[in-house]
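*Asks:* Fold the stuff below for me.
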Amino acid sequence: MDNKEILLTMRNISKSFPGVKALDKVDFTLRKGEIHALLGENGAGKSTLIKVLTGIESMDEGQVTLEGKPIHVKNSQHAQALGISTVYQEVNLCGNLSVAENIFVGREPMAFGRIDWKTVNKRAKELLKNLNVDIDVTKTLDSYPVAIQQMVAIARALDISAKILILDEPTSSLDAAECRKLFSVMKQLRAEGMGIIFVTHFLDQVYEVSDMITVLRNGELVGEYEARNLPKVELIGKMIGKDYEQLQQIESSKKTSHEAKENFITCRNITSEANIRDLDLDVNKGEVLGLAGLLGSGRSEIVRALFGADRILSGELNVNKKRIKRNKPITAIRNGLGYCPEDRKSEGIVSELTIRENIILALQAKRGMFRFIGRKEQNRIAEHYIKLLDIKTPGREQQIKNLSGGNQQKVLLARWLATDPELLMLDEPTRGIDVGTKTEIQKIVLQLAEKGMSVIFISSEMDEMLRCCGRMVVLNDKKKLGELSGAEINEQIIMEMIAGGKSV
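*Replies:* Predicted coordinates for the structure are as follows:
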């Protein structure tokens, strides 16, 4: 490691939210003139660490120093005043204002008590030219593509004398040429001594520009590594929870599989509005099918397309041998599909409703508005699943927001089990919950499959996938690389497929 001057240290950073410890004594170090990739799967703690650094969230414990001096960041404005600036995936500037106004908003040069527009436009032009961007700065920001908008956000950061630039998934909406331009700017800023924190799920890009890599998993620090000394397959192992050395000692265990399973879903050449392309997929009755891949590989997008949450643009979808021409969530529910989304807080639970109300939501939708479920039946259904899934609650009328994350997840499972589904799609069903509840949910999944239900299972924890899945579809860049089943399912093979971006 080069002996560069330390710019930022974060030590023993801890942060808890109700039901989950988002960060547990995490350390992070950034040096001047360094691009430092912050990596981890969803729920690893990356966003929370960035929010602590920028004052959006307050830490429960820990210490942050900037250039050797302790700092206590109060809010995002204070962070900017300290020289910490963030450019997000969704550019948080004002599209209806001009490019120049966006760069200088709140800090406009004044002359004779008025904004000096000539100076504003001239300085904006100069700042962007330093980033190799030559555009008309008097045009509105929304008249330019996302790549230019990100450069404008970076120019604003430079004008407020940023010492640290945080780039949070900056390349998600960029094409290859735009990425190259951004990387050129990042390298230029590194050469000028800026410290850059690069958050991304594109591992090839990590190796293209990063000097150092810090990996988080489940809110804990896995380690800090020099990018040049960390092979990609080992990095993937650290992100998903297995060291490459361990993998070489693991013997793949045979999965029990029922011969000649009946097919429930067939997809042929499916393309969705979320960029799933030419997908062929079969889901059999009574199996747990795993979708394996890193964040952004297309796991969530596949189940969203099957459920009708994302529109299918072309291809053929058959459910129980019936052709589905226009898939919508209500169509999916009535055809026996249930879906627990990845983000249970914003897409799953309805926080102000009770456990009872949350459980009966999907069943009521399936029956329709003219077949209202009476209160007595609602109570019976809620009590049945509270007991069946061992949901820890004082009673069915408790608001769901007052439950732990694990018990909220059980309520979501109850919601879909109440509809008597033939296929249950579970996207990260055990994220952020304790080990005991994780084990319970895994057992429930296997019991449901044993009774003939189909399950699509998505998890960032490879151990969990291996325990639960009898067949695995491996994905990368929203394309299917291949399938593994039974004794073929092997962590080393899966990671090499993902790292190589090709089938094995």
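*Asks:* where does the protein have low pLDDT?
*Replies:* For the chain, the stretches with pLDDT under 70 are 1-3, 19, 42, 89-91, 172-173, 242-260, 344-345, 432-437, 501-504.
*Asks:* Looking at it, which residue reaches furthest from the middle?
*Replies:* residue 112 (49.3 Å; C-alpha atoms, centre = their mean).
*Asks:* Next, the distance between the ends of stretch 470-484.
*Replies:* Criterion C-alpha to C-alpha, to the nearest Å; first-to-last residue distance in stretch 470-484 is 9 Å.
*Asks:* Same check on stretch 449-459?
*Replies:* 17 Å.
*Asks:* So which bits of it are buried?
*Replies:* For stretch 449-459, burial by neighbour count (16 or more other C-beta atoms under 10 Å) applies to 449, 453-459. No exception for glycine: its C-beta is placed from N, CA and C like everyone else's.
*Asks:* Check stretch 57-72 too.
*Replies:* For stretch 57-72, a neighbour-count test (16+ other C-beta under 10 Å) marks 57, 59, 62, 64, 66, 71 as buried.
*Asks:* try stretch 474-482
*Replies:* So, applying 16+ other C-beta under 10 Å, buried residues of stretch 474-482: 474-481.
*Asks:* what about that stretch, start to end distance?
*Replies:* End-to-end distance (C-alpha to C-alpha), stretch 474-482: 6 Å.
*Asks:* again with stretch 213-221
*Replies:* End-to-end distance of stretch 213-221 (C-alpha to C-alpha): 11 Å.
*Asks:* ok, residues contacting that stretch?
*Replies:* The set of residues external to stretch 213-221 that reach it, using C-beta atoms under 8 Å, 6 or more residues apart in numbering, is 20-28, 36-41, 43-46, 48-49, 206, 222-227, 230, 235, 238-241.
*Asks:* Next: stretch 320-331.
*Replies:* By C-beta under 8 Å, 6+ apart, the residues outside stretch 320-331 that reach it are 263-264, 305-309, 311-312, 316-318, 335-336, 339, 365-366, 422.
*Asks:* Can you say which of those residues are buried?
*Replies:* 264, 305-309, 312, 317, 335-336, 339, 366, 422.
*Asks:* okay if I get those residues as a markdown table plus distance to residue 107?
*Replies:* Compiled in a markdown table, these are given as follows (distance: C-beta to C-beta, whole Å):
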| residue | distance to residue 107 |
| --- | --- |
| 264 | 59 |
| 305 | 45 |
| 306 | 49 |
| 307 | 46 |
| 308 | 47 |
| 309 | 42 |
| 312 | 47 |
| 317 | 53 |
| 335 | 56 |
| 336 | 57 |
| 339 | 46 |
| 366 | 55 |
| 422 | 59 |
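*Asks:* Go through those and say which is closest to residue 85.
*Replies:* Taking C-beta to C-beta as the measure, residue 309 is the one of the buried ones among the contacts of stretch 320-331 closest to residue 85, at 34.3 Å.
*Asks:* mind listing what the closest one touches?
*Replies:* Counted by C-beta under 8 Å, 6+ apart, residue 309 has contacts 329, 339, 341.
*Asks:* and of these, the nearest to residue 179?
*Replies:* residue 341 (29.0 Å).
*Asks:* just checking, what packs against whichever strand or helix holds residue 235?
*Replies:* Residue 235 is located in helix 232-240, with elements delineated by DSSP states H and E. Counting contacts by 3 or more C-beta pairs under 8 Å, 6 or more residues apart in numbering; DSSP states H and E, helix 232-240 is packed against helix 203-209, strand 212-217, strand 220-226, helix 244-247, helix 491-500.
*Asks:* can you give me the angle the second one makes with strand 220-226?
*Replies:* Read that as strand 212-217. Counting by axes from the mean of the first three to the mean of the last three C-alpha atoms, to 10 degrees, strand 212-217 points 160 degrees away from the direction of strand 220-226.
*Asks:* quick one: residue 381 from residue 417, how far?
*Replies:* As judged by C-beta to C-beta, to the nearest Å, residue 381 and residue 417 stand 10 Å apart.
*Asks:* Would you verify that residue 281 is located in a strand?
*Replies:* Yes: per DSSP: H, G, I helix; E, B strand; the rest coil, residue 281 lies within a strand segment.
*Asks:* List the contacts of it.
*Replies:* Residue 281 makes contact with 265-267, 270, 302, 473, 480, according to C-beta under 8 Å, 6+ apart.
*Asks:* and if we set it to 10 Å?
*Replies:* Residue 281 is in contact with 265-268, 270, 289, 291, 302, 305-306, 317, 456, 473, 480, 483, counting by C-beta atoms under 10 Å, 6 or more residues apart in numbering.
*Asks:* Specify the beta-bridge partners of it.
*Replies:* Residues in a beta bridge with residue 281, per DSSP bridges, are residue 267.
*Asks:* Quick check: the gap between it and residue 460.
*Replies:* 20 Å.
*Asks:* now swap in residue 430 and tell me
*Replies:* Residue 430 sits 10 Å away from residue 460, going by C-beta to C-beta.
*Asks:* swap in residue 450?
*Replies:* Distance from residue 450 to residue 460, by C-beta to C-beta: 25 Å.
*Asks:* So for stretch 342-349, first residue to last residue, what's the gap.
*Replies:* OK, stretch 342-349 end separation, C-alpha to C-alpha: 11 Å.
*Asks:* Number the chain from 23, please
*Replies:* Sure, I'll start numbering at 23, so the last one becomes stretch 364-371.
*Asks:* distance between that stretch and the chain's centre?
*Replies:* Counting by C-alpha atoms, centre = their mean, to the nearest Å, stretch 364-371 is centred 12 Å from the centre of its parent chain.
*Asks:* contacts for that stretch?
*Replies:* For stretch 364-371, contacts defined as C-beta under 10 Å, 6+ apart pick out 39, 41, 64-65, 317, 321-322, 325-326, 331, 361-363, 373, 377, 380, 383, 421-423, 425, 427, 430-431, 433-434, 437, 448-451, 453-455, 480, 482.
*Asks:* Narrow these to those that are buried.
*Replies:* With burial judged by 16+ other C-beta under 10 Å, the buried subset of these is 41, 64-65, 317, 321-322, 325-326, 331, 361-363, 377, 380, 383, 421-422, 425, 427, 430-431, 433-434, 437, 448-451, 453-455, 480, 482.
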